[in-house]
Every structure is written in structure tokens, then in C-alpha cells.
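Asker: missing the sequence, but the structure's below:
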């Protein structure tokens, strides 16, 4: 009994060392509002087999015609629509088993009718196929046995905002292995997997920033999933708990860091628990909802801009509930990743910022409305 | 002293009664009563599956639904779904249109005031009465 106060003190010290605040140096200092104008609504009619809750879409020029391709996980298909008219063009249906089987599709990279890379998360396999869904070659992208404490290899996870993308003769994607470990350093937990287009050799780049090794981020998608896009020469990574963007130069593979925080975010708090302890899923979601974060980064090659999504802490979150109503802010950066301003999206519209794409006409963000037979986007244009 | 004890007992009873009234179980019984589900007395069990919440628990409950939705003695209530089209693709249209399946479009069975709402709920029924309520977590 006499040891109780010592135990109590010990517990206090233990608890104090666990939380980390990632402070935003430019909080409340450089906000420029109303920099994005809503200019149009784009709609794509869906068939009876397609849900508007697709997880993966890609804007691509096919034979110089801008097209929007997206995935239907229920029939393992890629749907292709003409971007300007919104007209359906075709559907590429992939088999799950057999010599042309690709298991369950998670994402893809459409290069041309002869080269479509498709990825299955359940088998960690990347396949090279053609327009007729015939598989030409395949490679395993993640093998847990290759991981050790010298290098914790990422498991690729594809979404619209963490796509599979090509640059010259290499493909890039991001991912992670769920969980927290005190063995993590700033050098042993890369998030980018690169593979040559012949599907032969893999390489890994860009480690989590220091605050990830120092603090607990609850191990899951909310803060561990890295987002990226590629411009003409670099790959830009947006980490959820970092006010900075990480630039990977794709020629010399060096890293640079660029401040790209929202002036509406004062700080981001890590999960207040020792990394060794198990995570309570409900508590972790409440923590995520009451905490700011960053999401996707999208490069606009037509205007040479970047759009970074930020999510503010939710003020009306009900503990235990899982709907993500965190307010959405779009930060706009120039070609050198310098801050140009930011805009808050109206909270009375159900935006789905997981699905965004850049087209010749503007930056398109998905909207969920009552008509489930349409894939709808609000199109925004940057106005200085 | 006797007077204080008596008052404390009274206060405790009041608190217990009040908390019963405010419990998830109490609220669920109330909504079932209000909604007057057709042929409710013919079911032996009621399974409420929310569309979002405890992801793993919901996946398990949906697997159970796919295997057992033909069992006409079990009533299934699918609630709190962001997209009805997505539900019909995921759980198959022919299944969700069965007589013993209710699509709760107005989310009346999703009792958002309670944390238990994020879990699938299984109720044992007897002659139109809820005998037991259990969450799947």
C-alpha cells in the first residue's frame, strides 16, 4: 500500500511522455479566402451495377480525348467515360480466377489500350493487362517476409488519392503496414514502392517524417496512409500529420520539404498512448475526429498548381460514431509548392474529397447527392 | 441517519430508473413499439445491421445476413446506410427485397445518441416481445 503514491507518480510520468503536438508555425497568419470559384457541375450516368461510392478513378487522355476511368468493385470492372460529354464509352471486365484472373481489383493505372496495370490488394499482385482484360505479366508487390526492423516495407494500398502512377519507365504507389512500433526510425519505414514498367525490380522511397517515429498515430488509415501525386519531375507526398509536403525528386531521388499547412490548423495531436499498447478502435476514431489532418494532394498540369486537402477538427462529432464530417479546406500552392491561399468548402454540401481529379476545366471534387445513379462532381477554378 | 439512508436509497432508485429509461435497450424497445412492424410476433429474432460503425463487426453481421436472410423466422433491419444502391450491390437486391428484411431509409433504428448504435444488434423475440438484446462486438 505504501508504494501506491510512487506507482501513481510513475504512471503520471509515463502518461506525460506520450502525447505530441505538431504545431503549425503559420496558424492564423496567411489566410486568403474565396480563391476557388465553383464553375460547373459534372455528371456521369451510372448503370445499375455501379455505386457512386467508387474508391478509385483516373483522369487520362486516351487518343488525345480526355476520359474519366473509374472502378466498379462489384463486377471487377473499369468503366471509361468521355470527360467532356460525360458519355459512357466502354467497360473492361476483369476475371477473378484463371489464366487471366486478377482477383479483386483495388486500383489501376491506364496507360493505353495495350497497357493497363491493375492491382489486387488481397493478393498484393500487380498485373499488366490489355484492353481485352488479358493478363500479360504479373509481380508480387508486397511480401511480409521481406520486412524486418532494418526496413519495414510498405504494403501498397490504392485509392484515387493514393494511386498507381507512372513516370518515365517506373510506376509508383504508396502504402503502409498497419500498426505502431517503437522500432520505427526516420530511416526504416518507407511509404513509396517503385517498380520498373517491365515489373522486375522494386525500390522504396520517402520515410515517414520524424513525428511519426516519435509519437503514436494509432497505426491505421486515418494518419498512417500517405497520399501523393506526380508532376513533371517530382513525386509529392502528403502525410496526414505533417504541415509540410515531402518532395521526392524522381531523377536523383533526393527529398525536399515544403511548408503547405492550413492557416486554420493550429496543431495536430498524436494519439495519447504509448506505442506498445493496443489501440481501441472507437477511441482512435473519436481522437481522429477531434483532431485536424491532411489528405490528398493533386497536381494540376493545366494551370501548374497543387491542391492539398485539409480536414479540420469536427465540432459536432458524437463519440463512437463513424461518419466523417470533418470540415474540408482546399489549400492551393503554385508550381514551386508556395502557398497561394485556401478555401473552405460549404458544410451543407456532402463532398467526398477522397475522389478528386484535375481536368482541363478545373479541379473536380465528388459530391454525394440523392441521385445514386450519377457520379457527380463540383468543378472549381482558382481565382487570384 | 435513518432519514438520510432512506433518502439515499430513494435517490439511487430514481437514478437507476432514470438510467433504464435512457439506455439503448429502453430506446430500442420504444422504437420497435412505435414502428409497429408488420407480423412482428412471428419472428424469433431481430438483427439490426448499421451501414457504418464497427467495421469488422458489420462485415461479420453482413456475412451472417447473406447466409441466413432466407430464414423467415429472423427479421433483419438494415439501417444508417449512406447509399442504398451500394447496399443492394453489396448484399444483393434479391436478398434485401425479402419480406423479412426492412431497409430503414429514415434511420429510425439507428439510435445515434447511444454508442451501441455503431454495433450490429441481435434481439431474441418471443410473441412480439424483446426478451434479450445483445450487441455484436
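Answerer: On my side now, so go ahead. Here the structure is a predicted model, which is why all the values come from computation and not from measurement. Residues are numbered from 1 along each chain as shown, chains lettered A, B, ... in the order given.
Asker: now check stretch A:318-325, is it near chain B?
Answerer: Yes - Stretch A:318-325 lies within reach of chain B by C-beta under 8 Å from any C-beta of the partner chain, at A:318, A:319, A:320, A:321, A:322, A:323. To be clear about C-beta, it is placed using only N, CA and C from the backbone, and glycine gets the same treatment.
Asker: what about the third one, which SS state?
Answerer: This means residue A:320. Secondary structure, DSSP: H, G, I helix; E, B strand; the rest coil: residue A:320 is coil.
Asker: got a winner among the residues of stretch A:318-325 next to chain B for most neighbours?
Answerer: residue A:321 (23 neighbours; other C-beta atoms under 10 Å in any protein chain shown).
Asker: pretty sure it contacts residue B:113?
Answerer: No - between residue A:321 and residue B:113 there is no contact, the gap being 10.0 Å when judged by C-beta atoms under 8 Å.
Asker: on that earlier part again, which one in the residues of stretch A:318-325 next to chain B is the model shakiest on?
Answerer: pLDDT is lowest at residue A:320 among the residues of stretch A:318-325 next to chain B; the value there is 70.
Asker: how close does that one get to residue B:115?
Answerer: 3 Å (C-beta to C-beta, to the nearest Å).
Asker: next one, pLDDT for residue A:370 please.
Answerer: 88.
Asker: chain B contacts on the stretch 1-150 of chain A?
Answerer: A:49, A:51, A:52, A:53, A:74.
Asker: just flag the most distant two among the residues of stretch A:318-325 next to chain B.
Answerer: Pairwise distances across those (C-beta to C-beta) peak at 12.4 Å, for the pair A:319 and A:323.
Asker: hang on, the earlier thing: so which of the residues of stretch A:318-325 next to chain B is the closest to chain B?
Answerer: Among these, residue A:320 lies closest to chain B (C-beta to the nearest C-beta), at 3.4 Å.
Asker: hmm, the closest one is touching residue A:283, no?
Answerer: No - using C-beta under 8 Å, residue A:320 makes no contact with residue A:283, being 9.3 Å away.
Asker: may I see the ChimeraX selection of the buried members of the residues of the stretch 1-150 of chain A next to chain B?
Answerer: Buried subset of the residues of the stretch 1-150 of chain A next to chain B, written as a ChimeraX selection, criterion 16 or more other C-beta atoms under 10 Å in any protein chain shown:
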select /A:51,52,53
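Asker: determine which two of the residues of the stretch 1-150 of chain A next to chain B are furthest apart.
Answerer: The widest separation within those (C-beta to C-beta) is 13.2 Å, between A:49 and A:53.
Asker: and the helices in chain B?
Answerer: Per DSSP state H, chain B carries helices over the ranges B:2-21, B:24-35, B:55-68, B:84-91, B:93-96.
Asker: burial measure for the residue nearest to residue A:124 when sequence neighbours are not counted, as a count.
Answerer: The shortest distance from residue A:124 to any non-neighbouring residue, by C-beta to C-beta, 6 or more residues apart in numbering or on different chains, is to residue A:142 (4.2 Å). Close neighbours of residue A:142, defined as other C-beta under 10 Å, add up to 20.
Asker: so where's chain B shaky on pLDDT?
Answerer: B:1-21 (pLDDT under 70).
Asker: near chain A, which residues of it?
Answerer: So far as C-beta under 8 Å from any C-beta goes, chain B lies against chain A at B:52-55, B:82-86, B:89-90, B:112-113, B:115, B:117-118.
Asker: which of these are buried?
Answerer: With burial judged by 16+ other C-beta under 10 Å, the buried subset of those is B:53, B:54, B:82, B:85, B:86, B:89, B:90, B:115, B:117, B:118.
Asker: from the residues of chain B next to chain A, which two are the most distant?
Answerer: B:89 and B:113 (30.3 Å).
Asker: quick one, what contacts residue B:118?
Answerer: Applying C-beta atoms under 8 Å, 6 or more residues apart in numbering or on different chains to residue B:118 gives the contacts A:282, A:320, A:321, A:322, B:50, B:52, B:53, B:54.
Asker: with residue A:43 instead?
Answerer: For residue A:43, counting by C-beta under 8 Å, 6+ apart, the contacting residues are A:86, A:374, A:375, A:376, A:377.
Asker: paired strands for the one helix or strand it maps to, with orientation please.
Answerer: Counting by DSSP states H and E, the element that carries residue A:43 is strand A:36-45. Applying DSSP bridges, strand A:36-45 is found paired with strand A:374-382 (antiparallel).
Asker: tell me how far the partner strand lies from the chain's centre.
Answerer: 19 Å (C-alpha atoms, centre = their mean, to the nearest Å).
Asker: and the average pLDDT for that strand is what?
Answerer: Per-residue scores along strand A:374-382 average to 97.
Asker: in chain B, which residue sits nearest chain A?
Answerer: residue B:115 (3.4 Å).
Asker: in the contacts of residue B:118, find the pair that's most separated.
Answerer: Using C-beta to C-beta for every pair in the contacts of residue B:118, the one that comes out farthest apart is A:282 and B:50, at 13.6 Å.
Asker: so for the two, which residue has more residues nearby?
Answerer: Counted by other C-beta under 10 Å, residue A:282 and residue B:50 do not tie: residue B:50 has more neighbours, with 27 against 18.
Asker: contacting residues around that one?
Answerer: B:58, B:79, B:80, B:110, B:117, B:118, B:119, B:120.
Asker: that one and residue B:114, how far apart?
Answerer: Using C-beta to C-beta, residue B:50 is found at 12 Å from residue B:114.
Asker: how about residue A:57: what's its closest non-neighbour residue?
Answerer: That would be residue A:70: by C-beta to C-beta, 6+ apart, it lies 3.8 Å from residue A:57.
Asker: which SS class is the one you found?
Answerer: Quick answer, by three-state DSSP: residue A:70 is strand.
Asker: pLDDT score assigned to it?
Answerer: 97.
Asker: tell me how many other residues crowd it.
Answerer: 24.
Asker: quickly list what it is bridged to.
Answerer: Under the criterion used (DSSP bridges), residue A:70 bridges to residue A:57, residue A:79.
Asker: which residues of the stretch 201-350 of chain A lie near chain B?
Answerer: A:281, A:282, A:318, A:319, A:320, A:321, A:322, A:323.
Asker: repeat that for 10 Å
Answerer: Contact residues, the stretch 201-350 of chain A versus chain B (C-beta under 10 Å from any C-beta of the partner chain): A:281, A:282, A:285, A:286, A:318, A:319, A:320, A:321, A:322, A:323, A:324, A:350.
Asker: quick one on the thing from earlier: quick one: average confidence on the strand holding residue A:43?
Answerer: Strand A:36-45 comes out with an average pLDDT of 96.
Asker: how far does it sit from the chain's center?
Answerer: 22 Å.
Asker: pull out the buried positions in that strand.
Answerer: So strand A:36-45, judged by 16+ other C-beta under 10 Å, has buried residues A:36, A:42, A:44.
Asker: what is the nearest of these to chain B?
Answerer: Of the buried residues of strand A:36-45, the one sitting nearest to chain B (C-beta to the nearest C-beta) turns out to be residue A:44, at 14.3 Å.
Asker: bridged to the closest one, which residues?
Answerer: residue A:375.
Asker: that one and residue A:108: what is the separation?
Answerer: 17 Å.
Asker: quick one: residue A:294 and residue A:222 touch, right?
Answerer: No - using C-beta atoms under 10 Å, residue A:294 makes no contact with residue A:222, being 11.1 Å away.
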